[in-house]
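Asker: Task: produce atomic coordinates for the following.
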Amino acid sequence: MMRRKATESAARLNFQQGLMLAQQPPLDAIAGSVHVRFDDQHRQVGPKGWLAFSPDGAVWTHPKRLAAPKEWARVLALAYVCLGFGLVRQREPRTLWEIAGLLVAERFCQEAGIGAVSEDLLHPDVEIPVSGEEPLFRAFVADGCDPALLVWREALCGKGMTVFLPAEERAGTRRIPDWRGLLADGIARGVGQAIEKASGRIVATSGTTRKLTAALKAQRRLVNSHPLLGALAIGFDLEEDPRVCQLHDIRVAAIDVGSRTIWINPAAGLSEAECLFVFAHELLHAGLNHASRRRGRDPFLWNAACDFIINGWLIEMGVGSPPTLGLLHDTELAGCSAEEIYDRLARDLRRARKLATLRGTGLPDLLGKEEGGIFVDAEAYCRRALWQGMERCLMGGGRGTLPAGLVEEIRSLAQPPIPWDVRLAYWFDEHFPPPELRRGYARPSRRQASTPDIPRPSILKPPEEERRARVFGVVLDTSGSMEPRLLGKAIGAIASYAQAREVFAVRLVYCDAAAYDAGWLPPESLLERIAVKGRGGTVLQRGVDCLRDAARRDDFPKRGPVLLITDGYCEPQLSIDFEHAFLVPEGRRLPFIPRGEVFWVR
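Answerer: Below is the predicted model:
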């Protein structure tokens, strides 16, 4: 007798612990509205079953089943999810409908990591369609159901019982909760808490929460209420350390795309609405890739030009309120691109230098390095997140609130760029068009003597002078900072394209701190193992001067063309008289504004 009571007590204790586990987000809202009862008379749940539930929120459970708390949590979560998905209704065949609904609910619980499956409730794997229970139910009706799934359902509710009970008669006087809405609220709340844990505002071990400042509230509002920037806001950390802001001369705010960090100075005294505007401002800088699009322009003037456009869009969309400290905004510049505004500012440098970004007067609020793999990956993430946010806004229906210029700019950035090797092929096509084929009408050979009066055209090869004129030069940076992988990619692409376009020879010049003229080489020899000279410093001008001296001796065409392969770590000025182009690793920058094309090698 004492042993039976101890077992029942342990079963009740495990059940209560499982009940508490099932009340965690995202099912906490539904768990607070259901009525969980023990079926002591086994009227709804069989003697060997687990539970049954009705659409009005009545959940009947086995009163004496001994199971682990996590197993009870999974079973109760199945009931909550079925209610939240609106699956608890009567459809025939009832058994197949219940199995389809329970499988969909179990997939949700598995993906959410709620509880654990009991050994008594294991079943064969079933491929569940993306559309959910309806196509699965139709497949069961048409093709039949695995007998093991019938046993699984019977183990859940008991032999001769049903999992989905009809609504109680007396429940007609009681208002049935909106189960779908409660589940949606729970999911939104759970996502918010996950974001707070990831950003450090909730300490996972203790559950304590840091003080929500105006900036943190603004970040939460962006995630919850602004689908355009919500996904982008999740990926950035918010820092409000006044000492760091003072160190970097941050008056209001700044952003580092590479480290995915936004700084907001608490000393600026911004309200929540102003923080929302500032936060959205910095996120648009990141999402529109303003850092990498600078391309050698003056950092502050480019930043100011982008600020004029971003602030105009945010004011038009009504995101927060502009800071009372002031910002760059001019209605006369509406509809202008950042490049056009930059040109205007560059014409009046004395006035432009007095402008102030959110960081301060004469200071750009785009911080950090604008090169390297980490920066490239961060910009790709920002570009993708902003595109997805725009798609959600446009597909959501209703009145459009996005400015047309912003939509066009996001779409243009979302278009995949032409690969560098394809652009390099276009460059070769431009400088080395296919040789013009000429036909000759010479006398026929003896084998055609039977009809000597019929002229027979034949294709003539291009003259030797024209064939020898199809040449170009390569200045190869062989300094110690050049990666062998880049050298191999670039030289391999150049050699293959040169062969395909019937290039006669390539003038190869190795260049580090000095220039080493390797002379004329046939294109196919570049595909073989070549001895690279140099591996010291980098002075590209000497390599260009080497080709210039060869042109003066009529040993190289006076107009080129020339390809320069470098990693960007070179002198800040380069004088090139030839038609030329650069091959640079993606994520690197040239220290000068190039006149020729630049191919960013991945």
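
Asker: Residue 489 is in contact with residue 601, isn't it?
Answerer: Yes - using Cβ atoms under 8 Å, residue 489 is in contact with residue 601, at 5.8 Å. In short, each C-beta sits where N, CA and C put it, glycine included.

Asker: what do those two both touch?
Answerer: Shared contacts of residue 489 and residue 601 (Cβ atoms under 8 Å, 6 or more residues apart in numbering): none.

Asker: now the end-to-end length of stretch 475-491.
Answerer: 11 Å (Cα to Cα, to the nearest Å).

Asker: buried stuff in that stretch?
Answerer: Buried residues in stretch 475-491, counting neighbours by 16 or more other Cβ atoms under 10 Å, are found at 475-479, 482, 486-487, 489-491.

Asker: Check stretch 149-163 too.
Answerer: For stretch 149-163, using 16+ other Cβ under 10 Å, the buried residues are 149, 152-158, 161, 163.

Asker: of the residues you listed, closest to residue 324?
Answerer: For the buried residues of stretch 149-163, the residue nearest residue 324 by Cβ to Cβ is residue 163; the value is 60.0 Å.

Asker: Phi and psi next, for the closest one.
Answerer: Main-chain torsions, residue 163, degrees, to the nearest 10: phi -80, psi -40.

Asker: Let me know whether it touches residue 100 as I believe.
Answerer: No - taking contacts as Cβ under 8 Å, residue 163 lies outside contact range of residue 100: 11.5 Å.

Asker: quick revisit: in strands only, show me the buried residues of stretch 475-491.
Answerer: 475-477 (DSSP state E).

Asker: Mind giving me the packing neighbours of the helix or strand where residue 111 lies?
Answerer: Using DSSP states H and E, residue 111 maps to helix 94-112. Secondary-structure packing of helix 94-112 (3 or more Cβ pairs under 8 Å, 6 or more residues apart in numbering; DSSP states H and E): helix 69-84, helix 133-143, helix 147-157.

Asker: Tell me the helices and strands packed up against the last one.
Answerer: Using 3+ Cβ pairs under 8 Å, 6+ apart as the contact definition, the elements that helix 147-157 packs against are strand 51-53, helix 94-112.

Asker: Also the longest one?
Answerer: With contacts defined as 3+ Cβ pairs under 8 Å, 6+ apart, helix 69-84 has these neighbours: helix 2-21, helix 28-31, strand 51-53, strand 58-61, helix 94-112, helix 179-199.

Asker: pLDDT weak spots in the stretch 251-400 of the chain?
Answerer: Within the stretch 251-400 of the chain, the stretches with pLDDT under 70 are 396-400.

Asker: Determine which stretch of the helices and strands packed on helix 147-157 is the most buried.
Answerer: strand 51-53 (a mean of 25; mean count of other Cβ atoms under 10 Å).

Asker: For that strand, name the packing helices and strands.
Answerer: By 3+ Cβ pairs under 8 Å, 6+ apart, strand 51-53 packs against strand 58-61, helix 69-84, helix 147-157.

Asker: how about a cut-off of 7 Å?
Answerer: strand 58-61, helix 69-84 (3 or more Cβ pairs under 7 Å, 6 or more residues apart in numbering; DSSP states H and E).

Asker: in the shortest one, what's buried?
Answerer: The reference is to strand 58-61. Buried residues in strand 58-61 (16+ other Cβ under 10 Å): 58-61.

Asker: ok, it: who's next to it in the sheet?
Answerer: strand 35-38 (parallel), strand 51-53 (antiparallel) (DSSP bridges).

Asker: Provide the contact partners of that strand at residue level.
Answerer: 34-39, 44-45, 50-53, 79, 168 (Cβ atoms under 7 Å, 6 or more residues apart in numbering).

Asker: And these, which of them are buried?
Answerer: Judged by 16+ other Cβ under 10 Å, buried ones among the contacts of strand 58-61: 34, 36, 39, 44-45, 50-53, 79.

Asker: can I assume residue 35 is in contact with residue 57?
Answerer: Yes - between residue 35 and residue 57 there is a contact under Cβ atoms under 7 Å: 5.8 Å.

Asker: longest helix in the chain, by residue count?
Answerer: helix 373-395 (DSSP state H).

Asker: Can you mark which positions in that helix are buried?
Answerer: 375-376, 378-379, 381-383, 385-386, 388-390, 393.

Asker: Listing request: residues of the protein with sub-threshold pLDDT.
Answerer: Using pLDDT under 70, the chain drops low at 1-8, 169-174, 188-211, 396-400, 415-418, 436-437, 439-460, 528-537.

Asker: which residues touch the residue most central in space within it?
Answerer: Among the residues of the chain, the one closest to the centroid is residue 381, at 3.2 Å (Cα atoms, centre = their mean). Shown in contact with residue 381 (Cβ under 7 Å, 6+ apart): residue 235.

Asker: about what we covered before: quick one: closest of the helices and strands packed on helix 69-84 to residue 137.
Answerer: Of the helices and strands packed on helix 69-84, nearest to residue 137 by Cβ to Cβ is helix 94-112, at 4.0 Å.

Asker: could I get stretch 263-280 in PDB with only the CA atoms?
Answerer: Output of stretch 263-280 as PDB, limited to C-alpha atoms (Å, rounded to 0.1, in the frame of the first residue of the first chain):
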ATOM      1  CA  TRP A 263      27.500  52.500 -31.100                       C
ATOM      2  CA  ILE A 264      25.000  55.000 -29.600                       C
ATOM      3  CA  ASN A 265      26.300  57.600 -27.200                       C
ATOM      4  CA  PRO A 266      24.000  57.700 -24.100                       C
ATOM      5  CA  ALA A 267      25.300  61.200 -23.400                       C
ATOM      6  CA  ALA A 268      23.400  62.400 -26.500                       C
ATOM      7  CA  GLY A 269      20.200  62.000 -24.400                       C
ATOM      8  CA  LEU A 270      18.100  60.600 -27.300                       C
ATOM      9  CA  SER A 271      14.400  59.600 -26.700                       C
ATOM     10  CA  GLU A 272      13.200  56.200 -27.800                       C
ATOM     11  CA  ALA A 273      11.700  57.600 -31.000                       C
ATOM     12  CA  GLU A 274      15.000  59.400 -31.800                       C
ATOM     13  CA  CYS A 275      17.000  56.200 -31.100                       C
ATOM     14  CA  LEU A 276      14.700  54.400 -33.500                       C
ATOM     15  CA  PHE A 277      15.500  56.900 -36.200                       C
ATOM     16  CA  VAL A 278      19.200  56.700 -35.500                       C
ATOM     17  CA  PHE A 279      19.300  52.900 -35.300                       C
ATOM     18  CA  ALA A 280      17.400  52.600 -38.600                       C
END
